[in-house]
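A.B. asks: could you work out the structure for the sequence below:
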Amino acid sequence: MSRFVIQGGKPLEGTVQTIGNKNAVLKMIAAALLTEEEVHLTNVSGISDVDVMLEMLEALGAIVRYEKVTQEVFITAKDIKTTTVPSELAKKLRSSNVLLGPLLVRMGHVESVVPGGDKIGPREMTAHFDGLTALGATFKHTGEDSFALSGKLSGTDVHLYEPSVTATENVIMAAVLAKGNTVITNAASEPQVKELCMMLNQMGTDIIGGGSNEIHITGVETLHGTTYTVPIDYIYVGTFVILAAITGGRLDIGPVNHEDMRTMLYFFAKLGVKTEAKGDRLIVPAKQTLKVQDPDWARVKGFYSQPWPCFPSDIMSLAIVLATQVDGSTLFFEKMYPGRMFFADYLNGMGANIIIADPHRVIVNGKTSLVRRTLASPDLRAGMAYVAAGLCAEGETVVENIRHIDRGYPEIEKVLTALGAHIIREES
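C.D. replies: Next up is the predicted model:
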C-alpha cells in the first residue's frame, strides 16, 4: 500500500497545467459503446479511474488503445461479446453505472452490480432505474447486489426525481438510439453533461438543451465515430486555488474555463481568497490575508453543496481545510452525502477547531495552526484534503491509503514537488 510523506510549511510557487475532467472522460469512454466506429479522445488525464473504465470496455469486447504520454484514448466497440459488466471492476468504480444505458440500448440487455467508489454515504441508483424503465426497460434483481435490465427502448418523457448527474447521462445515452423523441426534465446541468451532449451530437445525435434542466433528444438509428477533447477539470483548478491560498504561494493555473469557476471563486472570496483571470489563466497571488469577509453570512449561510451551478460537493472537503487557515468561523453544510464530513474530525487531531454538528454540518473556527499527523485517506476528496492539510502543517504528515487520491489526481506528488512542496510517495 502506498502513502505520501509530507514536510509542511513550504509555499507552492509556479505554473500548474490543468488536466482533463475526471467526471467527463469516464462518461465519454462509456459513450464509445454506442457506435461500431472508432472514438478518439484527447486530453485524457492519467488517473486510475480511467484505467479501470478502459479495462471494463476491453472485458466487454471493445478494442482499446491508451497512449498515456500523449493523453489519447482510441476505442472501437464494433463487436461487443458480453453484456455483463465485470463485477470485480464495477465495484471499484462508481461511474461503472453509466455503462448501463449504452449497453441496454445497443444490445437490448445489460447485467451489473451496484457499483463501488468513494465511501461517502449511500449512493443508490433509483434515478437510473426510473429513467431507464421509463424508456421501456424491464428491471430484475438477479442477486443481493446484482440486477439486469432488458428490453427495446422508445422515446418518452422522463422526469428525474433528483438532478443526478450520472442518471441524466445514462438516460441521455440510452435515448440517443431509442426510437422517437425523449424529453428529460429536472436533468443535471453540470458542464460534463453539456460536454457529453456536444460529443454525442458530433457523433450524429440530435440533442437540444444539454447543460440545462430540460433536454430534448431525437433518437437516431446509428452513430458514427468522432474525435473529442475532454474538457478541463474545474475541481482540479479549485484544488490548486486552495493549495496556493493555504501555503501562501503564488500559482499560475491554466488553461481554465472561467465560467466553470464562478461559483467556487465566489465562495472562496467570502474567505478572503483573491484570484485574477488573465486570458485562459487563473492567477492566485502570494501571501494573502485570509479572513471571513461577512461573519453573519458565514455563520448563518456559509458553504453548502447543491446541484450545478451551485457550490459542488466535490470541493467541500478541501474548502474545510481552507477554512482552518482563515480568521473567523464558517458553517459547512454537505447536503448530498452524509459520509463526506466525518474526515474533518481527524483534522482536529492536527490542531483544527472543527465542531461536528451532525453528519451533514460542521463549523470551522479559524485560524488554527496545524501539526503533523498520520492519516488514512477514506475517499478521493478527503484524501486530497489531508494532503492539503499536510502541506500547511508543521512537521511531517503521513497520508496513507492514497490509491483513492490517484483516482482523481495523477502523479500529484510530482506536480506538487515541481511547485516546491516536500512530498514523496512511499511503497510499503
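A.B. asks: quick one: contacts for the residue nearest to residue 125 when sequence neighbours are not counted?
C.D. replies: Spatially, and ignoring its direct neighbours in sequence, residue 125 is nearest to residue 97 (6.2 Å; Cβ to Cβ, 6 or more residues apart in numbering). Bear in mind the C-beta positions are built from the backbone N, C-alpha and C, glycine included. Residues counted as contacts of residue 97 (Cβ atoms under 8 Å, 6 or more residues apart in numbering) are 90, 112, 115, 125, 128, 166, 170.
A.B. asks: with residue 75 instead?
C.D. replies: Residue 75 is in contact with 29, 32, 38-41, 54, 57, 62-65, counting by Cβ under 8 Å, 6+ apart.
A.B. asks: go with 10 Å
C.D. replies: The contact partners of residue 75, taken as Cβ atoms under 10 Å, 6 or more residues apart in numbering, are 28-33, 35, 37-41, 54, 57-58, 62-66, 225.
A.B. asks: any of these buried? List them.
C.D. replies: In those, burial by neighbour count holds for 28-33, 35, 37-41, 54, 57, 62, 64, 66, 225, counting by 16 or more other Cβ atoms under 10 Å.
A.B. asks: quick revisit: go through the contacts of residue 75 and flag which are in strands.
C.D. replies: Members of the contacts of residue 75 lying in strands (criterion: DSSP state E): 38-41, 63-66.
A.B. asks: with pLDDT added, can I get those in CSV?
C.D. replies: Shown next, in CSV, are the ones in strands among the contacts of residue 75 (pLDDT from 0 to 100):
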residue, pLDDT
38, 98
39, 98
40, 98
41, 98
63, 98
64, 98
65, 98
66, 98
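A.B. asks: got a markdown table for these, with distance to residue 427 too?
C.D. replies: Shown next, in a markdown table, are the ones in strands among the contacts of residue 75 (distance: Cβ to Cβ, whole Å):
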| residue | distance to residue 427 |
| --- | --- |
| 38 | 37 |
| 39 | 35 |
| 40 | 34 |
| 41 | 30 |
| 63 | 32 |
| 64 | 27 |
| 65 | 28 |
| 66 | 23 |
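A.B. asks: how does the chain divide up, domain by domain?
C.D. replies: Listed by automatic domain parsing, the domain ranges of the chain are 2-18+232-427, 22-229.
A.B. asks: the longest one - what's its average pLDDT?
C.D. replies: Which is domain 2-18+232-427. Averaging pLDDT along domain 2-18+232-427 yields 97.
A.B. asks: is residue 427 bridged to anything, and to what?
C.D. replies: On the basis of DSSP bridges, residue 427 is bridged to residue 2.
A.B. asks: wait, it touches residue 5, no?
C.D. replies: No. Under the criterion of Cβ atoms under 10 Å, residue 427 is not in contact with residue 5, lying 11.5 Å apart.
A.B. asks: neighbour count for these two, which is higher?
C.D. replies: The neighbour comparison of residue 427 against residue 5 (other Cβ atoms under 10 Å) goes to residue 5, with 17 against 6.
A.B. asks: name the element the more buried one belongs to?
C.D. replies: Assigned by DSSP states H and E, residue 5 belongs to strand 2-7.
A.B. asks: following that strand, which helix or strand shows up next?
C.D. replies: strand 14-17.
A.B. asks: so which bits of that next one are buried?
C.D. replies: Going by neighbour count (16+ other Cβ under 10 Å), the buried part of strand 14-17 is residue 16.
A.B. asks: how distant is that strand from the center of its chain?
C.D. replies: Offset of strand 14-17 from its chain centre (Cα atoms, centre = their mean, to the nearest Å): 21 Å.
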